[in-house]
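Student: quick check, what structure comes out for this input:
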Amino acid sequence: MERARALGADHMVNYRSRPDWASEVCDLTDGLGADLAVDVAGPATLNDTLKATRHGGRISLMGVLTGFAGPIDTVAILDKRITLQGIYVGPVMSLRALTHMAITPHIDKVFGLGDANQAYASLRRSDHMGKIVIRVAR
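Tutor: Here you go, the predicted model:
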């Protein structure tokens with residue numbers, strides 16, 4: 001949470017200590033919901049993200065850590081007129097183009113190629129904030 005604050009977040013909600021995090025987001029926004037939500041988990045969290053997003057808001061779905069299939073509340077998307085945008089994490093060339101636009105990704109951990117299994121274990125534990133990098137020596 002402190003790392004998020006250091007990166008500029010005004011309010012943080014810890015989904016582990018507050019399973020009903022969508023309600024807290026609504027409370028923080030005087031019942032309106034978030035203008036933009038980024039969902040990195042997918043089916044297991046998308047319905048809560050829909051609850052936490054305002055009428056006319058946008059959700060960027062950037063990951064499927066919980067899988068590819070599951071029930072989604074499509075009525076909420078229609079009723080709230082939410083724009084749901086899928087974002088595929090693309091090739092290194094795309095990342096280079098972003099960095100030329102002064103957008104810098106937050107890199108949490110860097111592993112050597114020999115420690116790739118540790119990098120994947122870190123992803124499975126969700127104990128990172130930002131990107132995990134596996135450095136491949138040339």
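
Student: if I look at residue 95, how far off is residue 81?
Tutor: Counting by CB to CB, to the nearest Å, the gap from residue 95 to residue 81 is 32 Å. C-betas here are computed from N, CA, C, even on glycine.

Student: could you dump the helix or strand that contains residue 120 to CSV, C-alpha only?
Tutor: Assigned by DSSP states H and E, residue 120 belongs to helix 116-125. Extracted C-alpha coordinates of helix 116-125, given in CSV (Å, rounded to 0.1, in the frame of the first residue of the first chain):
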residue,chain,number,x,y,z
ALA,A,116,12.9,-18.1,-14.0
ASN,A,117,11.0,-20.7,-11.9
GLN,A,118,11.2,-18.2,-9.0
ALA,A,119,9.8,-15.5,-11.2
TYR,A,120,6.8,-17.7,-12.2
ALA,A,121,6.3,-18.6,-8.6
SER,A,122,6.2,-15.0,-7.7
LEU,A,123,3.5,-14.4,-10.3
ARG,A,124,1.4,-17.3,-8.9
ARG,A,125,1.7,-15.9,-5.4
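
Student: lowest-confidence helix or strand of the protein?
Tutor: helix 92-99 (a mean of 75; mean pLDDT, DSSP states H and E).

Student: next up, the contacts around residue 4.
Tutor: Residue 4 sits next to 12, 129 when contact means CB atoms under 8 Å, 6 or more residues apart in numbering.
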